[in-house]
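**Q** Have a look; sequence and predicted model below, questions after that.
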Amino acid sequence: MKCRACRSKAIIDIPRHNAAFCGTCFDAYLIEQVRKSIEEYQMFSQEDRVLLAVSGGKDSLALWDILERLGYRTIGYHLDLGIDEYSVESTEKTVRFARERNLTLHVEEIAREAGGSVVDISKVTRRPPCSACGVSKRHLFNRAAKTYGCTVLATGHNLDDEASRLLGNILHWQDGYLEKQNPSLPEDEGLIRKVKPLNRLTEKEMATYSFMKGIDYVIRECPMSFDAKQLFYKKVMNEIEKESPGTKQAFYFGFLQRRERFYPETGDKSPPPYICQVCEEPSYSEICSFCRLRLKVTAPPGDESLSRPRTTS
Ligand code: SF4
Ligand SMILES: [Zn+2]
Ligand SMILES: [Zn+2]
């Protein structure tokens, strides 16, 4: 297998592009894909300060490495989910990554902010763990971006994540989610701009990049992910891709090209009608979803009402 660009020995094949690359040309290809996404979807510029949500996995750590190489101003934010050994390892690897490269990283614990670990929150609120985790992350990432003076929030979602999510959303016709499935979601009523610069790159490509760069990341999956239907959709997409290379990319980018036709930006979206009584962020109810969740978790045993939060200092 020879590199498409320089004809030396290739280290990775990319069937959807009918290409293979050596290490040097693969690096150039990958950086170009990220640069293209940032420009095409106007994700951010050199003037922006980017808050990067870093989990300790390959995608977010590699994205941090890439954005630094491209000269963007980044601040890392890691949320310790309190999921036993998985979270201990995730936090350790993220902290080490930042320290070795002299990068700014802020670490918060979900237990301190929401009153319990993802597992605790899930039990008390009777939500699936991923749903409890999602509500908390949305709120805390957004808050962190504002706290640290960032103009945009970047996450390490890759092409596999986005294509499988799209498949799940279409199978259930989740219009609300489909409307928001965009690699660059503009700032909206107290919610900071959200971007996904890795949306052109697959898991395999990100794992290869991380290996080449010696990035030490958490390999094991989150133990709560048995809950995520996403894994099943990923498996299905990978099977289709094996039989017909390029389908994943055509499916996802085909949707993005048609997105506005299905979900036009009408500009008449009504802003959230409330200001959360607890955190004072815009909200669709008097108390926002995160604060309701936190109040439930921190309520004294037996208290079913939404009582005052317990101080977690
Ligand atoms: S798998 Fe679920 S619980 Fe684990 S990090 Fe992802 S969303 Fe959170
Ligand atoms: Zn080459
Ligand atoms: Zn609130």
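**A** Thanks, I have it. Ligands and ions are numbered 1, 2, ... in the order given.
**Q** Can you spell out which helices and strands pack onto the lowest-mean-pLDDT helix or strand in the chain?
**A** Within the chain, no helix or strand scores below strand 282-283, which has a mean of 86 by mean pLDDT, DSSP states H and E. Applying 3 or more CB pairs under 8 Å, 6 or more residues apart in numbering; DSSP states H and E, one finds that strand 282-283 contacts strand 274-275. Quick note: C-beta positions are derived from backbone N, CA and C, even for glycine.
**Q** my read: residue 137 touches residue 79, true?
**A** Yes - contact criterion CB atoms under 8 Å: residue 137 and residue 79 qualify, at 6.3 Å.
**Q** How many neighbouring residues does residue 176 have?
**A** Neighbours of residue 176 under the rule other CB atoms under 10 Å: 8.
**Q** what about it, which SS state?
**A** helix (DSSP: H, G, I helix; E, B strand; the rest coil).
**Q** Could you check how far it is from residue 194?
**A** The gap separating residue 176 from residue 194 is 16 Å, by CB to CB, to the nearest Å.
**Q** repeat for residue 240
**A** 28 Å.
**Q** ditto for residue 116
**A** 26 Å.
**Q** Was I right to think residue 44 contacts residue 192?
**A** No - shown here, residue 44 and residue 192 do not form a contact pair, counting by CB under 8 Å, at 11.2 Å.
**Q** shared neighbours, these two?
**A** Jointly contacting residue 44 and residue 192 under the rule CB atoms under 8 Å, 6 or more residues apart in numbering are 151-152.
**Q** Those two - which one has more neighbours?
**A** Neighbour count, other CB under 10 Å: between residue 44 and residue 192, residue 44 has more, with 23 against 19.
**Q** residues touching the more buried one, list them.
**A** Contacts of residue 44 (CB under 8 Å, 6+ apart): 38, 50, 72, 151-152, 154, 193, 195.
**Q** Identify the spatial nearest neighbour of the residue in the stretch 101-250 of the chain that ligand 2 sits nearest to, chain neighbours not counted.
**A** Taking CB to the ion, ligand 2 has its nearest neighbour within the stretch 101-250 of the chain at residue 212, 13.0 Å off. Distances taken as CB to CB, 6 or more residues apart in numbering place residue 23 nearest to residue 212, at 5.9 Å, with adjacent residues excluded.
**Q** returning to that earlier point: who touches both of residue 137 and residue 79?
**A** residue 53.
**Q** To what extent is residue 7 buried, counted in neighbours?
**A** 10.
**Q** Out of the contacts of residue 44, grab the one that's most surrounded.
**A** Going by other CB under 10 Å, residue 154 tops those with 29 neighbours.
**Q** pretty sure that residue contacts residue 70?
**A** No - the pair residue 154 / residue 70 is not scored as a contact, 11.9 Å apart, by CB under 8 Å.
**Q** quick one: contacts of the helix or strand in which residue 65 is found?
**A** In this assignment (DSSP states H and E), residue 65 forms part of helix 58-69. Helix 58-69 has contacts (CB under 8 Å, 6+ apart) with 30-31, 34, 50, 52-54, 74, 76, 93-94, 97, 101, 103, 154-158, 197-198, 203, 206-207, 209-210, 213, 215, 217.
**Q** So how do I select the buried members of the residues you listed in PyMOL?
**A** In PyMOL, the members of the contacts of helix 58-69 classed as buried (16 or more other CB atoms under 10 Å) are selected with the following command:
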select buried, resi 30+34+50+52+53+54+74+76+93+94+97+103+154+155+156+157+158+197+198+203+206+207+209+210+215+217
